[in-house]
Structures are given as structure tokens and as C-alpha cells.
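no sequence on hand, only this structure:
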């Protein structure tokens with residue numbers, strides 16, 4: 001009889017434990033994580049944070065399609081994104097959309113919460129950090145970030161900025 005009771009007690013105790021709170025941040029909460037960035041707009045669509053960033057025409061002229069592609073990944077693979085996932089268990093994904101000053105979409109990429117393990121997050125932060133620091137002088141680092149981003153996100157590029 002004792003053998004039957006212990007599994008039953010374990011199940012009853014587990015049933016009494018409250019599930020974790022699946023909080024979703026407000027747009028203002030997410031903006032706070034990316035506070036150092038300018039020209040940033042945040043919206044929450046269901047349980048996805050949508051971060052819209054303006055990309056300058058000068059960057060696009062100077063860097064062409066490579067800079068058009070890399071825009072979303074600079075923001076997605078950041079400590080800010082990692083922290084917002086850690087702090088809000090109900091957030092399923094972060095989407096970054098880059099736009100021109102006129103409002104035309106250049107690119108967008110969606111990073112799902114469970115896409116990156118701890119090791120992959122460290123690798124992502126390393127790749128993106130190198131691209132931010134030295135990408136202008138070493139475009140190969142931007143190409144590395146784009147390849148990484150395309151492997152780990154759902155993404156789309158506007159054909160006007162990234163011809164096929």
C-alpha cells in the first residue's frame with residue numbers, strides 16, 4: 001500500500017504547484033532594453049515584440065545589399081534581446097524590422113525564443129559584437145552575421161534593397 005501512496009502524493013503535490021507566469025512585456029518595457037538606440041519603435045503583436053528601426057540612406061548607399069541584410073541581425077543578436085527573453089517568459093519571439101526614413105521596409109527577421117541555447121547565444125553575441133566593432137573595416141564580419149542570422153531566423157528582404 002505504501003508503494004501506491006507515494007506516487008499519488010507526488011502527483012498531488014505537483015498539481016498544486018503554480019505554473020510559471022508567462023508575462024509579455026509592454027512596448028515601453030521593450031524600449032527600455034534598447035534605450036541606447038535611436039529611432040526605435042516597439043509594438044507587441046500577441047506574444048511577439050516587434051522592434052522597428054530606421055536605417056539611414058547613407059548606410060544603404062555605402063554598404064548596399066549587405067548592409068540592407070545585416071540591419072535586423074545587429075539588433076536581434078544582442079544582449080538586449082537575450083535579456084528581454086530571460087525577463088519575460090511569455091515572449092515567444094522578437095522581430096526586428098528595418099525601414100527607410102520614408103517608411104519603406106528594407107528587411108525583417110524573427111528570432112524565436114527557443115532557437116538559441118546558451119552556447120548559441122554566446123556565439124551569436126560574439127559574431128554580432130565583432131560585426132558592430134569592425135564590420136565597416138572588415139565586411140566579411142557583416143557577411144558572417146548575415147549567414148548566422150539566416151540560419152537562425154525567419155527573414156525576408158525587400159527586393160529593391162536586396163536583389164535576388
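Yep, that arrived. Quick caveat: nothing in here was measured; it's all calculated off a predicted structure.

residue 143 sits in which helix or strand?
Assessed by DSSP states H and E, residue 143 sits inside helix 139-152.

what is the neighbour count of residue 67?
Using other Cβ atoms under 10 Å, residue 67 has 26 other residues around it. Where C-beta positions appear, they are placed from N, C-alpha and C, glycine not excepted.

for it, give me its contacts.
Residue 67 sits next to 55, 59-60, 142 when contact means Cβ atoms under 8 Å, 6 or more residues apart in numbering.

what do you get if the cut-off is 10 Å, keeping everything else the same?
Applying Cβ atoms under 10 Å, 6 or more residues apart in numbering to residue 67 gives the contacts 55-56, 58-61, 74, 98, 106-107, 135-136, 139, 142, 146, 161-162.

in what helix or strand does it lie?
Assigned by DSSP H and E, residue 67 falls within helix 57-76.

ok, back up a step: just the buried ones from the contacts of residue 67?
With neighbours counted using 16 or more other Cβ atoms under 10 Å, the contacts of residue 67 contain these buried positions: 55, 59-60, 74, 98, 106-107, 135, 139, 142, 146, 161-162.

can I get those residues in CSV with pLDDT?
Formatted as CSV, these follow (pLDDT from 0 to 100):
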residue, pLDDT
55, 91
59, 84
60, 88
74, 95
98, 96
106, 97
107, 97
135, 90
139, 94
142, 96
146, 98
161, 93
162, 93
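
and which of those is nearest to residue 80?
Looking at the buried ones among the contacts of residue 67 and their distance to residue 80, the nearest is residue 74, at 10.9 Å (Cβ to Cβ).

lovely, talk soon.
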